[in-house]
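Novice: sequence first, predicted model second:
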Amino acid sequence: MAEKIIILDFGGQYTQLIARRVRECHVYSEVLPYSADIETIRAAKPAGVILSGGPASVLAEDAPRCDAGVYGLGVPVLGICYGMQLTAHLLGGRVERAAQREYGRVRVTMDDRTGLLAGMSPASSNWMSHTYQVAQCPPGFRPIAHSETCPVAAMANDASHIYGVQFHPEVTHSDEGRTVIQNFLNLCGCAGDWTMAAYAQTAIANIREAVGEAGTVLLALSGGVDSSVAAALIYRAIGDRLTCVYVDHGFMRKGESEQVVDVFTNTFPVRLVRADASELFYADLAGVTDPERKRKIIGADFIKVFKAEALKLGKLDYFAQGTIYPDVIESGQATGAAVIKSHHNVGGLPKELGFTELIEPLRMLFKDEVRALGEALGLPHDLIWRQPFPGPGLAIRVIGDLTPEKVNIVRESDAILREEIKSAGLDSEIHQYFTVLTGVRSVGVMGDERTYDYTIALRAVTTDDFMTADWARIPYDVVRTISARIVNEVPHVNRVVLDVTTKPPASIEWE
Ligand code: XMP
(Lines give C-alpha, C1' and ligand atoms only; values in the text may rest on other atoms or scores of the structure.)
Protein backbone atom coordinates (compact mmCIF):
# COMPACT_ATOMS: atom_id res chain seq x y z
CA MET A 1 0.00 0.00 0.00
CA ALA A 2 1.72 3.15 -1.13
CA GLU A 3 0.29 6.19 0.61
CA LYS A 4 -1.44 6.10 3.92
CA ILE A 5 -2.73 8.65 6.40
CA ILE A 6 -3.04 7.59 10.03
CA ILE A 7 -5.86 9.18 12.01
CA LEU A 8 -5.56 9.05 15.78
CA ASP A 9 -8.97 8.85 17.39
CA PHE A 10 -9.56 10.93 20.51
CA GLY A 11 -13.19 9.90 20.73
CA GLY A 12 -14.64 12.53 18.44
CA GLN A 13 -18.00 11.85 16.85
CA TYR A 14 -16.63 12.70 13.39
CA THR A 15 -13.50 10.53 13.36
CA GLN A 16 -14.91 8.07 10.81
CA LEU A 17 -15.84 11.01 8.62
CA ILE A 18 -12.21 12.16 8.57
CA ALA A 19 -11.19 8.71 7.31
CA ARG A 20 -13.87 8.86 4.63
CA ARG A 21 -12.92 12.33 3.44
CA VAL A 22 -9.28 11.33 3.09
CA ARG A 23 -10.27 8.24 1.11
CA GLU A 24 -12.55 10.37 -1.05
CA CYS A 25 -9.37 12.22 -2.04
CA HIS A 26 -8.03 8.80 -3.15
CA VAL A 27 -5.61 8.43 -0.30
CA TYR A 28 -5.91 5.38 1.93
CA SER A 29 -6.49 6.12 5.62
CA GLU A 30 -6.76 4.17 8.81
CA VAL A 31 -8.02 5.07 12.26
CA LEU A 32 -5.97 4.04 15.29
CA PRO A 33 -6.77 4.71 18.94
CA TYR A 34 -5.03 7.83 20.30
CA SER A 35 -3.00 5.57 22.58
CA ALA A 36 -1.35 3.71 19.69
CA ASP A 37 2.34 3.47 20.47
CA ILE A 38 4.76 5.38 18.32
CA GLU A 39 6.39 2.24 16.94
CA THR A 40 3.05 1.02 15.58
CA ILE A 41 2.47 4.40 13.95
CA ARG A 42 5.98 4.51 12.53
CA ALA A 43 5.67 0.96 11.20
CA ALA A 44 2.56 1.99 9.26
CA LYS A 45 4.80 4.41 7.31
CA PRO A 46 2.17 7.15 7.15
CA ALA A 47 2.51 10.05 4.75
CA GLY A 48 0.84 12.18 7.42
CA VAL A 49 -1.01 11.97 10.71
CA ILE A 50 -4.35 13.55 11.63
CA LEU A 51 -5.37 13.99 15.25
CA SER A 52 -9.15 13.88 15.60
CA GLY A 53 -11.50 15.89 17.73
CA GLY A 54 -12.75 14.59 21.04
CA PRO A 55 -14.94 15.50 24.00
CA ALA A 56 -12.20 15.97 26.61
CA SER A 57 -10.36 19.10 27.72
CA VAL A 58 -6.58 19.01 27.24
CA LEU A 59 -6.31 20.79 30.60
CA ALA A 60 -7.88 17.89 32.48
CA GLU A 61 -5.60 15.60 34.50
CA ASP A 62 -6.66 12.50 32.65
CA ALA A 63 -6.88 14.09 29.19
CA PRO A 64 -6.20 11.61 26.40
CA ARG A 65 -2.79 12.25 24.88
CA CYS A 66 -1.00 10.68 21.99
CA ASP A 67 2.70 9.93 22.07
CA ALA A 68 4.40 13.29 21.42
CA GLY A 69 6.71 11.35 19.11
CA VAL A 70 4.11 11.86 16.33
CA TYR A 71 5.43 15.42 15.97
CA GLY A 72 8.89 14.02 15.34
CA LEU A 73 8.03 11.43 12.69
CA GLY A 74 9.10 13.83 9.96
CA VAL A 75 5.66 13.77 8.29
CA PRO A 76 2.99 16.49 8.38
CA VAL A 77 0.53 16.46 11.28
CA LEU A 78 -2.93 18.04 11.30
CA GLY A 79 -4.80 18.50 14.56
CA ILE A 80 -8.55 18.98 14.30
CA CYS A 81 -10.40 20.66 17.22
CA TYR A 82 -9.21 18.68 20.27
CA GLY A 83 -6.29 17.50 18.13
CA MET A 84 -5.26 21.12 17.54
CA GLN A 85 -5.63 22.02 21.21
CA LEU A 86 -3.55 19.02 22.21
CA THR A 87 -0.87 20.02 19.72
CA ALA A 88 -0.78 23.54 21.16
CA HIS A 89 -0.70 22.21 24.71
CA LEU A 90 2.04 19.62 24.12
CA LEU A 91 4.27 21.96 22.09
CA GLY A 92 4.25 24.89 24.50
CA GLY A 93 1.26 26.99 23.50
CA ARG A 94 -1.67 27.98 25.74
CA VAL A 95 -5.18 26.55 25.72
CA GLU A 96 -7.97 28.29 27.64
CA ARG A 97 -11.66 27.95 28.22
CA ALA A 98 -13.31 30.23 25.65
CA ALA A 99 -15.37 33.17 26.90
CA GLN A 100 -18.16 31.79 24.78
CA ARG A 101 -18.73 28.27 23.53
CA GLU A 102 -18.79 28.16 19.74
CA TYR A 103 -21.27 25.71 18.29
CA GLY A 104 -22.67 25.37 14.80
CA ARG A 105 -21.79 27.12 11.59
CA VAL A 106 -19.37 29.92 12.31
CA ARG A 107 -17.87 32.47 9.95
CA VAL A 108 -14.11 31.99 9.87
CA THR A 109 -11.73 34.51 8.30
CA MET A 110 -8.73 32.96 6.57
CA ASP A 111 -5.75 35.20 7.30
CA ASP A 112 -3.17 33.35 5.26
CA ARG A 113 -4.51 31.61 2.21
CA THR A 114 -1.46 29.53 1.40
CA GLY A 115 -0.41 26.04 2.44
CA LEU A 116 -3.19 24.46 4.49
CA LEU A 117 -5.64 27.20 3.52
CA ALA A 118 -4.57 27.57 -0.11
CA GLY A 119 -7.40 28.30 -2.50
CA MET A 120 -9.89 29.13 0.28
CA SER A 121 -12.24 32.10 0.19
CA PRO A 122 -11.26 35.07 2.41
CA ALA A 123 -14.00 33.97 4.81
CA SER A 124 -16.30 30.96 4.89
CA SER A 125 -18.78 29.18 7.05
CA ASN A 126 -17.32 26.30 9.05
CA TRP A 127 -18.56 23.87 11.66
CA MET A 128 -17.39 24.58 15.20
CA SER A 129 -18.07 22.68 18.38
CA HIS A 130 -15.76 23.64 21.21
CA THR A 131 -15.57 25.07 24.71
CA TYR A 132 -11.78 25.42 24.89
CA GLN A 133 -9.53 27.12 22.39
CA VAL A 134 -5.92 27.96 21.63
CA ALA A 135 -5.18 31.35 23.22
CA GLN A 136 -1.53 31.37 22.22
CA CYS A 137 0.23 29.35 19.55
CA PRO A 138 3.30 27.30 20.49
CA PRO A 139 6.73 28.66 19.49
CA GLY A 140 7.29 28.34 15.75
CA PHE A 141 3.54 28.47 14.98
CA ARG A 142 1.47 31.36 13.68
CA PRO A 143 -2.29 31.87 13.55
CA ILE A 144 -3.64 31.57 10.00
CA ALA A 145 -7.39 32.02 10.61
CA HIS A 146 -9.73 33.51 13.22
CA SER A 147 -13.41 33.87 14.01
CA GLU A 148 -15.22 36.52 16.02
CA THR A 149 -14.60 34.78 19.31
CA CYS A 150 -11.76 32.43 18.44
CA PRO A 151 -8.41 34.18 17.86
CA VAL A 152 -6.69 31.07 16.54
CA ALA A 153 -9.17 29.19 14.34
CA ALA A 154 -6.22 27.62 12.50
CA MET A 155 -2.47 27.58 13.04
CA ALA A 156 0.61 26.47 11.14
CA ASN A 157 4.25 25.70 11.67
CA ASP A 158 5.55 25.72 8.13
CA ALA A 159 9.04 24.54 9.02
CA SER A 160 7.92 21.34 10.72
CA HIS A 161 4.66 20.94 8.76
CA ILE A 162 2.46 20.82 11.83
CA TYR A 163 -1.00 22.35 11.50
CA GLY A 164 -4.19 22.78 13.45
CA VAL A 165 -7.78 23.76 12.70
CA GLN A 166 -10.32 24.53 15.38
CA PHE A 167 -13.20 23.92 12.97
CA HIS A 168 -14.20 20.56 11.50
CA PRO A 169 -13.25 20.37 7.81
CA GLU A 170 -14.59 16.79 7.65
CA VAL A 171 -18.26 17.70 8.08
CA THR A 172 -20.31 18.82 5.12
CA HIS A 173 -21.47 21.93 7.02
CA SER A 174 -17.97 23.33 6.53
CA ASP A 175 -18.18 25.07 3.17
CA GLU A 176 -14.62 24.48 2.04
CA GLY A 177 -13.70 21.62 4.34
CA ARG A 178 -12.68 19.39 1.47
CA THR A 179 -10.16 21.96 0.35
CA VAL A 180 -8.51 21.87 3.77
CA ILE A 181 -8.28 18.07 3.68
CA GLN A 182 -6.96 18.09 0.12
CA ASN A 183 -4.42 20.81 0.98
CA PHE A 184 -3.17 18.76 3.90
CA LEU A 185 -2.79 15.72 1.65
CA ASN A 186 -0.87 17.89 -0.81
CA LEU A 187 1.41 19.01 2.01
CA CYS A 188 1.94 15.31 2.78
CA GLY A 189 3.04 14.84 -0.82
CA CYS A 190 0.22 12.38 -1.54
CA ALA A 191 -0.43 11.68 -5.20
CA GLY A 192 -3.99 10.47 -4.53
CA ASP A 193 -3.83 7.35 -6.66
CA TRP A 194 -5.64 4.94 -4.37
CA THR A 195 -8.26 3.01 -6.37
CA MET A 196 -10.49 0.05 -5.66
CA ALA A 197 -8.87 -2.00 -8.39
CA ALA A 198 -5.48 -1.45 -6.75
CA TYR A 199 -6.95 -2.20 -3.34
CA ALA A 200 -8.42 -5.44 -4.66
CA GLN A 201 -4.99 -6.57 -5.85
CA THR A 202 -3.43 -5.82 -2.46
CA ALA A 203 -6.28 -7.52 -0.61
CA ILE A 204 -6.01 -10.61 -2.82
CA ALA A 205 -2.26 -10.81 -2.21
CA ASN A 206 -2.84 -10.45 1.55
CA ILE A 207 -5.41 -13.24 1.57
CA ARG A 208 -3.07 -15.54 -0.38
CA GLU A 209 -0.27 -14.84 2.03
CA ALA A 210 -2.48 -15.36 5.07
CA VAL A 211 -4.10 -18.57 3.87
CA GLY A 212 -0.95 -20.07 2.40
CA GLU A 213 -0.56 -22.47 -0.50
CA ALA A 214 -3.04 -25.05 0.67
CA GLY A 215 -5.23 -23.37 3.28
CA THR A 216 -9.02 -23.67 3.07
CA VAL A 217 -11.64 -21.13 4.08
CA LEU A 218 -15.28 -21.36 5.18
CA LEU A 219 -17.59 -18.40 4.68
CA ALA A 220 -21.18 -17.89 5.77
CA LEU A 221 -22.83 -16.39 2.72
CA SER A 222 -25.96 -14.50 3.69
CA GLY A 223 -26.76 -13.23 0.23
CA GLY A 224 -26.21 -9.66 1.41
CA VAL A 225 -23.74 -7.23 -0.12
CA ASP A 226 -20.92 -7.64 2.42
CA SER A 227 -20.68 -11.41 2.49
CA SER A 228 -21.07 -11.58 -1.30
CA VAL A 229 -18.18 -9.16 -1.87
CA ALA A 230 -16.05 -11.00 0.70
CA ALA A 231 -16.77 -14.29 -1.08
CA ALA A 232 -15.90 -12.87 -4.51
CA LEU A 233 -12.64 -11.41 -3.20
CA ILE A 234 -11.57 -14.59 -1.43
CA TYR A 235 -12.50 -16.61 -4.51
CA ARG A 236 -10.18 -14.42 -6.59
CA ALA A 237 -7.42 -15.18 -4.09
CA ILE A 238 -7.79 -18.92 -3.52
CA GLY A 239 -10.41 -20.21 -5.97
CA ASP A 240 -12.32 -23.27 -4.88
CA ARG A 241 -10.38 -23.64 -1.67
CA LEU A 242 -13.17 -21.33 -0.51
CA THR A 243 -16.35 -23.08 0.59
CA CYS A 244 -19.47 -20.99 1.10
CA VAL A 245 -22.46 -22.12 3.08
CA TYR A 246 -25.65 -20.37 2.11
CA VAL A 247 -28.48 -20.98 4.54
CA ASP A 248 -31.73 -20.35 2.70
CA HIS A 249 -34.35 -19.69 5.34
CA GLY A 250 -37.04 -19.26 2.72
CA PHE A 251 -37.62 -15.59 3.53
CA MET A 252 -35.56 -14.04 0.74
CA ARG A 253 -37.07 -11.71 -1.84
CA LYS A 254 -38.23 -12.93 -5.20
CA GLY A 255 -35.37 -14.27 -7.32
CA GLU A 256 -32.73 -13.47 -4.68
CA SER A 257 -31.66 -16.97 -3.65
CA GLU A 258 -31.48 -17.99 -7.29
CA GLN A 259 -29.25 -15.00 -8.05
CA VAL A 260 -26.87 -15.80 -5.20
CA VAL A 261 -26.62 -19.43 -6.26
CA ASP A 262 -26.13 -18.44 -9.89
CA VAL A 263 -23.36 -15.91 -9.15
CA PHE A 264 -21.45 -18.26 -6.87
CA THR A 265 -21.86 -21.21 -9.21
CA ASN A 266 -21.10 -19.51 -12.52
CA THR A 267 -19.21 -16.23 -12.11
CA PHE A 268 -17.33 -17.14 -8.92
CA PRO A 269 -17.48 -20.93 -8.84
CA VAL A 270 -16.76 -21.52 -5.15
CA ARG A 271 -17.64 -24.76 -3.46
CA LEU A 272 -21.19 -23.78 -2.59
CA VAL A 273 -23.39 -25.55 -0.11
CA ARG A 274 -26.97 -24.34 -0.25
CA ALA A 275 -28.92 -25.50 2.74
CA ASP A 276 -32.61 -25.23 1.98
CA ALA A 277 -33.91 -25.07 5.50
CA SER A 278 -37.29 -23.40 5.10
CA GLU A 279 -39.18 -26.37 6.52
CA LEU A 280 -37.27 -26.20 9.76
CA PHE A 281 -37.81 -22.43 10.01
CA TYR A 282 -41.55 -22.71 9.36
CA ALA A 283 -41.88 -25.54 11.86
CA ASP A 284 -40.09 -23.62 14.61
CA LEU A 285 -42.01 -20.42 13.85
CA ALA A 286 -45.45 -22.02 13.73
CA GLY A 287 -47.94 -19.90 15.65
CA VAL A 288 -45.30 -17.40 16.80
CA THR A 289 -46.55 -13.81 16.55
CA ASP A 290 -44.22 -11.82 18.81
CA PRO A 291 -41.65 -9.98 16.61
CA GLU A 292 -38.76 -10.42 19.03
CA ARG A 293 -39.41 -14.15 19.40
CA LYS A 294 -39.56 -14.48 15.63
CA ARG A 295 -36.19 -12.79 15.29
CA LYS A 296 -34.63 -14.93 18.02
CA ILE A 297 -35.93 -18.18 16.55
CA ILE A 298 -34.68 -17.24 13.09
CA GLY A 299 -31.24 -16.29 14.48
CA ALA A 300 -30.95 -19.52 16.44
CA ASP A 301 -32.14 -21.70 13.54
CA PHE A 302 -29.71 -20.00 11.22
CA ILE A 303 -26.80 -20.90 13.47
CA LYS A 304 -28.11 -24.42 13.97
CA VAL A 305 -28.32 -25.06 10.21
CA PHE A 306 -25.02 -23.39 9.44
CA LYS A 307 -23.27 -25.40 12.13
CA ALA A 308 -24.70 -28.69 10.93
CA GLU A 309 -23.55 -27.98 7.37
CA ALA A 310 -20.12 -26.82 8.50
CA LEU A 311 -19.60 -29.96 10.57
CA LYS A 312 -20.48 -32.11 7.56
CA LEU A 313 -17.72 -30.41 5.58
CA GLY A 314 -14.98 -31.55 7.90
CA LYS A 315 -12.13 -29.38 9.04
CA LEU A 316 -11.43 -26.18 7.13
CA ASP A 317 -8.61 -23.89 8.17
CA TYR A 318 -10.10 -20.41 8.35
CA PHE A 319 -13.47 -18.80 8.98
CA ALA A 320 -14.23 -15.75 6.86
CA GLN A 321 -16.81 -13.05 7.26
CA GLY A 322 -17.72 -9.73 5.76
CA THR A 323 -17.16 -7.45 8.76
CA ILE A 324 -16.85 -3.86 7.53
CA TYR A 325 -14.94 -0.88 8.92
CA PRO A 326 -17.72 0.88 10.84
CA ASP A 327 -18.29 -2.34 12.83
CA VAL A 328 -14.58 -2.59 13.55
CA ILE A 329 -14.24 1.02 14.67
CA GLU A 330 -17.40 0.86 16.76
CA SER A 331 -16.24 -2.23 18.58
CA GLY A 332 -12.93 -0.48 19.29
CA GLN A 333 -10.90 -3.08 17.45
CA ALA A 334 -9.26 -0.96 14.79
CA THR A 335 -5.75 -2.30 15.04
CA GLY A 336 -4.36 -1.80 11.59
CA ALA A 337 -4.68 -3.40 8.21
CA ALA A 338 -4.18 -7.01 9.21
CA VAL A 339 -6.45 -9.19 7.17
CA ILE A 340 -6.41 -11.83 9.82
CA LYS A 341 -6.85 -11.41 13.48
CA SER A 342 -7.15 -13.88 16.22
CA HIS A 343 -10.44 -15.01 17.57
CA HIS A 344 -13.39 -12.70 17.45
CA ASN A 345 -16.77 -13.62 18.80
CA VAL A 346 -19.39 -13.78 16.06
CA GLY A 347 -22.38 -15.24 17.81
CA GLY A 348 -19.83 -17.73 19.16
CA LEU A 349 -19.92 -19.56 15.86
CA PRO A 350 -16.24 -19.70 14.84
CA LYS A 351 -15.25 -20.77 18.32
CA GLU A 352 -17.91 -23.47 18.50
CA LEU A 353 -16.75 -24.75 15.15
CA GLY A 354 -13.16 -24.85 16.33
CA PHE A 355 -11.83 -21.90 14.33
CA THR A 356 -9.24 -19.77 16.05
CA GLU A 357 -8.51 -17.41 13.21
CA LEU A 358 -10.74 -15.19 11.16
CA ILE A 359 -10.36 -13.72 7.73
CA GLU A 360 -12.10 -10.39 7.40
CA PRO A 361 -11.01 -8.93 4.08
CA LEU A 362 -13.42 -5.98 4.23
CA ARG A 363 -12.56 -4.85 7.71
CA MET A 364 -10.87 -1.67 6.50
CA LEU A 365 -13.65 -0.58 4.10
CA PHE A 366 -16.73 1.59 4.39
CA LYS A 367 -20.01 0.37 2.92
CA ASP A 368 -19.78 2.39 -0.29
CA GLU A 369 -16.19 1.22 -0.72
CA VAL A 370 -17.35 -2.39 -0.32
CA ARG A 371 -19.81 -1.72 -3.15
CA ALA A 372 -17.09 -0.17 -5.33
CA LEU A 373 -14.90 -3.20 -4.64
CA GLY A 374 -17.76 -5.53 -5.59
CA GLU A 375 -18.10 -3.71 -8.88
CA ALA A 376 -14.34 -3.84 -9.48
CA LEU A 377 -14.51 -7.61 -8.93
CA GLY A 378 -17.36 -8.00 -11.40
CA LEU A 379 -20.35 -8.76 -9.18
CA PRO A 380 -23.72 -7.89 -10.76
CA HIS A 381 -24.75 -4.27 -10.34
CA ASP A 382 -28.16 -5.04 -8.83
CA LEU A 383 -26.64 -7.36 -6.25
CA ILE A 384 -24.17 -4.65 -5.22
CA TRP A 385 -26.66 -1.82 -5.07
CA ARG A 386 -29.31 -3.72 -3.21
CA GLN A 387 -31.23 -1.85 -0.57
CA PRO A 388 -30.70 -2.89 3.03
CA PHE A 389 -32.53 -6.09 3.87
CA PRO A 390 -32.96 -7.40 7.40
CA GLY A 391 -31.37 -10.73 8.31
CA PRO A 392 -34.76 -12.32 9.18
CA GLY A 393 -35.94 -11.27 5.73
CA LEU A 394 -39.59 -11.31 4.74
CA ALA A 395 -40.47 -13.11 7.96
CA ILE A 396 -40.59 -9.76 9.77
CA ARG A 397 -42.66 -8.23 6.97
CA VAL A 398 -45.55 -10.58 7.64
CA ILE A 399 -47.29 -9.29 10.75
CA GLY A 400 -48.32 -12.09 13.03
CA ASP A 401 -47.80 -15.78 12.44
CA LEU A 402 -46.09 -17.08 9.34
CA THR A 403 -47.28 -19.42 6.65
CA PRO A 404 -45.72 -20.06 3.23
CA GLU A 405 -48.83 -18.54 1.66
CA LYS A 406 -48.46 -15.28 3.59
CA VAL A 407 -44.73 -15.07 2.85
CA ASN A 408 -45.54 -15.57 -0.79
CA ILE A 409 -48.04 -12.70 -0.73
CA VAL A 410 -45.44 -10.33 0.65
CA ARG A 411 -42.79 -11.66 -1.78
CA GLU A 412 -44.98 -11.15 -4.84
CA SER A 413 -46.25 -7.73 -3.80
CA ASP A 414 -42.68 -6.65 -2.96
CA ALA A 415 -41.53 -7.71 -6.44
CA ILE A 416 -44.28 -5.58 -8.02
CA LEU A 417 -43.37 -2.58 -5.89
CA ARG A 418 -39.68 -2.94 -6.80
CA GLU A 419 -40.48 -3.28 -10.48
CA GLU A 420 -42.69 -0.20 -10.56
CA ILE A 421 -40.33 1.99 -8.52
CA LYS A 422 -37.54 1.04 -10.88
CA SER A 423 -39.50 1.67 -14.03
CA ALA A 424 -40.59 5.07 -12.68
CA GLY A 425 -36.86 5.86 -12.27
CA LEU A 426 -37.26 6.38 -8.51
CA ASP A 427 -34.99 3.59 -7.30
CA SER A 428 -31.99 5.78 -6.52
CA GLU A 429 -34.06 8.51 -4.81
CA ILE A 430 -35.93 6.25 -2.42
CA HIS A 431 -33.53 4.55 -0.08
CA GLN A 432 -35.65 1.64 1.07
CA TYR A 433 -39.03 0.39 -0.09
CA PHE A 434 -40.94 -2.78 0.54
CA THR A 435 -44.38 -4.17 1.25
CA VAL A 436 -45.78 -5.46 4.52
CA LEU A 437 -48.53 -7.99 4.94
CA THR A 438 -50.50 -6.33 7.71
CA GLY A 439 -52.40 -8.47 10.14
CA VAL A 440 -55.62 -6.84 8.92
CA ARG A 441 -58.21 -8.55 6.74
CA SER A 442 -61.05 -6.51 5.39
CA VAL A 443 -64.18 -6.78 3.31
CA GLY A 444 -64.04 -6.11 -0.40
CA VAL A 445 -65.88 -6.90 -3.54
CA MET A 446 -64.47 -8.62 -6.59
CA GLY A 447 -66.79 -9.22 -9.55
CA ASP A 448 -70.06 -9.76 -7.73
CA GLU A 449 -68.43 -11.64 -4.92
CA ARG A 450 -67.78 -10.47 -1.41
CA THR A 451 -64.15 -10.97 -0.39
CA TYR A 452 -62.54 -10.99 3.01
CA ASP A 453 -58.83 -10.74 2.34
CA TYR A 454 -55.48 -9.29 3.33
CA THR A 455 -54.25 -5.69 3.40
CA ILE A 456 -50.83 -4.86 2.00
CA ALA A 457 -49.03 -1.74 3.21
CA LEU A 458 -46.48 0.07 1.05
CA ARG A 459 -43.49 1.34 3.01
CA ALA A 460 -40.99 3.62 1.27
CA VAL A 461 -38.53 5.94 2.99
CA THR A 462 -35.80 8.43 2.30
CA THR A 463 -32.99 8.59 4.82
CA ASP A 464 -29.31 9.45 5.25
CA ASP A 465 -28.41 6.91 7.87
CA PHE A 466 -31.49 4.74 8.56
CA MET A 467 -31.55 6.14 12.11
CA THR A 468 -34.16 8.69 11.11
CA ALA A 469 -36.29 8.57 7.99
CA ASP A 470 -39.02 10.39 6.15
CA TRP A 471 -41.75 8.68 4.14
CA ALA A 472 -41.05 8.95 0.45
CA ARG A 473 -43.40 11.04 -1.66
CA ILE A 474 -44.04 8.49 -4.39
CA PRO A 475 -46.08 10.23 -7.11
CA TYR A 476 -49.76 9.22 -6.82
CA ASP A 477 -49.82 7.89 -10.37
CA VAL A 478 -47.08 5.46 -9.50
CA VAL A 479 -48.87 4.51 -6.26
CA ARG A 480 -52.01 3.87 -8.30
CA THR A 481 -50.19 1.54 -10.69
CA ILE A 482 -48.57 -0.36 -7.83
CA SER A 483 -51.86 -0.71 -5.98
CA ALA A 484 -53.76 -1.85 -9.09
CA ARG A 485 -51.13 -4.42 -9.96
CA ILE A 486 -50.98 -5.83 -6.43
CA VAL A 487 -54.73 -6.32 -6.05
CA ASN A 488 -54.98 -7.77 -9.54
CA GLU A 489 -51.93 -10.00 -9.54
CA VAL A 490 -51.48 -11.18 -5.97
CA PRO A 491 -54.15 -13.59 -4.75
CA HIS A 492 -55.83 -12.84 -1.41
CA VAL A 493 -55.02 -9.13 -1.37
CA ASN A 494 -58.03 -6.85 -1.70
CA ARG A 495 -56.66 -3.63 -0.20
CA VAL A 496 -53.43 -1.59 -0.41
CA VAL A 497 -52.54 1.22 2.00
CA LEU A 498 -49.63 3.66 2.11
CA ASP A 499 -47.53 4.09 5.25
CA VAL A 500 -47.00 7.85 5.77
CA THR A 501 -45.09 7.75 9.05
CA THR A 502 -41.64 9.15 9.77
CA LYS A 503 -39.01 7.43 11.90
CA PRO A 504 -39.22 8.25 14.74
CA PRO A 505 -41.79 7.51 16.05
CA ALA A 506 -42.27 4.53 13.71
CA SER A 507 -39.38 2.28 12.77
CA ILE A 508 -38.71 1.55 9.11
CA GLU A 509 -39.67 -2.12 9.38
CA TRP A 510 -42.99 -2.99 10.96
CA GLU A 511 -41.58 -5.68 13.23
P1 XMP B 1 -35.71 -0.06 11.68
O2 XMP B 1 -36.87 -0.95 11.38
O3 XMP B 1 -35.05 -0.38 12.99
O4 XMP B 1 -34.63 -0.39 10.56
O5 XMP B 1 -36.03 1.39 11.54
C6 XMP B 1 -33.47 0.34 10.30
C7 XMP B 1 -32.73 -0.35 9.18
O8 XMP B 1 -32.19 -1.60 9.63
C9 XMP B 1 -32.70 -2.66 8.85
N10 XMP B 1 -32.92 -3.81 9.74
C11 XMP B 1 -32.09 -4.85 9.86
N12 XMP B 1 -30.92 -5.13 9.25
N13 XMP B 1 -30.78 -7.17 10.46
C14 XMP B 1 -30.28 -6.30 9.54
O15 XMP B 1 -29.21 -6.59 8.98
C16 XMP B 1 -31.95 -6.97 11.11
O17 XMP B 1 -32.38 -7.77 11.91
C18 XMP B 1 -32.63 -5.74 10.79
N19 XMP B 1 -33.78 -5.20 11.23
C20 XMP B 1 -33.94 -4.00 10.58
C21 XMP B 1 -33.97 -2.15 8.24
O22 XMP B 1 -34.32 -2.84 7.06
C23 XMP B 1 -33.62 -0.71 8.00
O24 XMP B 1 -32.84 -0.57 6.83
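Specialist: Yep, that arrived.

Novice: and this protein, which residues reach the ligand?
Specialist: Proximity of the chain to the ligand, by C-beta under 6 Å from any ligand atom, involves residues P388, P390, G391, P392, Q432, F466, K503, S507, I508, E509. Every C-beta, even on glycine, is put in place using the N, C-alpha and C of the backbone.

Novice: right, and the ligand sits closest to which residue of the stretch 251-400 of the chain?
Specialist: As assessed by C-beta to the nearest ligand atom, the ligand sits closest to P390 within the stretch 251-400 of the chain, at 3.3 Å.

Novice: does that residue belong to a helix, a strand or coil?
Specialist: coil (DSSP: H, G, I helix; E, B strand; the rest coil).

Novice: returning to that earlier point: so which of the residues of the chain next to the ligand sits lowest on pLDDT?
Specialist: Ranked by pLDDT, those bottom out at F466, which has 86.

Novice: quick check: it touching I508?
Specialist: Yes - counting by C-beta atoms under 8 Å, F466 touches I508, with 6.6 Å between them.

Novice: neighbour count winner among these two?
Specialist: Using other C-beta atoms under 10 Å as the criterion, F466 and I508 rank with I508 on top: 21 against 13.

Novice: by contact count, what packs against the helix or strand A88 falls within?
Specialist: Using DSSP states H and E, A88 sits within helix 82-90. Packed against helix 82-90 by the contact rule (3 or more C-beta pairs under 8 Å, 6 or more residues apart in numbering; DSSP states H and E) you find strand 48-51, strand 77-80, strand 94-110, strand 123-136, strand 154-157, strand 162-165.

Novice: 6 Å instead?
Specialist: In terms of contacts (3 or more C-beta pairs under 6 Å, 6 or more residues apart in numbering; DSSP states H and E), helix 82-90 is packed against strand 94-110.

Novice: quick check: mean pLDDT across the strand it packs on?
Specialist: Averaged across strand 94-110, pLDDT comes to 94.

Novice: next: stretch 241-258.
Specialist: The predicted model gives stretch 241-258 an average pLDDT of 96.

Novice: to the chain's geometric centre, what's the distance from that stretch?
Specialist: On the basis of C-alpha atoms, centre = their mean, to the nearest Å, stretch 241-258 is displaced by 22 Å from the centre of the chain it belongs to.

Novice: buried sites along it?
Specialist: 241-254, 256-257 (16 or more other C-beta atoms under 10 Å).

Novice: pull up the distance across that stretch, start to finish.
Specialist: For stretch 241-258, the separation between the terminal residues is 23 Å (C-alpha to C-alpha, to the nearest Å).

Novice: got a list of what the most far-flung residue of the chain relative to its centre touches?
Specialist: No residue in the chain sits farther from the centre than D448, which is 52.3 Å out by C-alpha atoms, centre = their mean. Counting by C-beta atoms under 6 Å, 6 or more residues apart in numbering, D448 touches no other residue.

Novice: any idea how many residues pack against the residue of the stretch 101-250 of the chain found nearest the ligand?
Specialist: Nearest residue of the stretch 101-250 of the chain to the ligand (C-beta to the nearest ligand atom) works out as G224 at 7.3 Å. As a burial measure, G224 scores 17 neighbours (other C-beta under 10 Å).

Novice: cool, and the one 10 residues further on?
Specialist: I234: 27 surrounding residues under other C-beta under 10 Å.

Novice: quick one: low-confidence residue ranges for the stretch 1-150 of the chain.
Specialist: 1 (pLDDT under 70).

Novice: and if we set it to 80?
Specialist: Where the stretch 1-150 of the chain drops to pLDDT under 80, the residues are 1-2.

Novice: what about whatever residue of it ends up closest to the ligand, distance to P46?
Specialist: Closest residue of the stretch 1-150 of the chain to the ligand, C-beta to the nearest ligand atom: Q16 (18.3 Å). Q16 is 18 Å from P46, where distance means C-beta to C-beta, to the nearest Å.

Novice: ok, now P390?
Specialist: 38 Å.

Novice: of those two, who's got more company?
Specialist: Each of P390 and P46 has its neighbours counted (other C-beta under 10 Å); P46 has more, 24 against 17.

Novice: so the more buried one: helix, strand or coil?
Specialist: Assignment for P46 (three-state DSSP): coil.

Novice: got the phi and psi for the nearest residue to R295 once chain neighbours are set aside?
Specialist: Once flanking residues are discounted, R295 sits nearest to P392: 5.3 Å by C-beta to C-beta, 6 or more residues apart in numbering. Backbone geometry at P392, expressed as degrees, to the nearest 10, gives phi -70, psi 0.

Novice: so P392 is in contact with K296, correct?
Specialist: No - the criterion here is C-beta atoms under 6 Å, and P392 misses it with K296 at 9.6 Å.

Novice: neighbour count for those two, which is higher?
Specialist: Neighbours per residue, other C-beta under 10 Å: of P392 and K296, the larger number sits with P392, 22 against 13.

Novice: that older thread, run a quick neighbour tally on the residue of the stretch 1-150 of the chain closest to the ligand.
Specialist: Neighbours around Q16, by other C-beta under 10 Å: 20.
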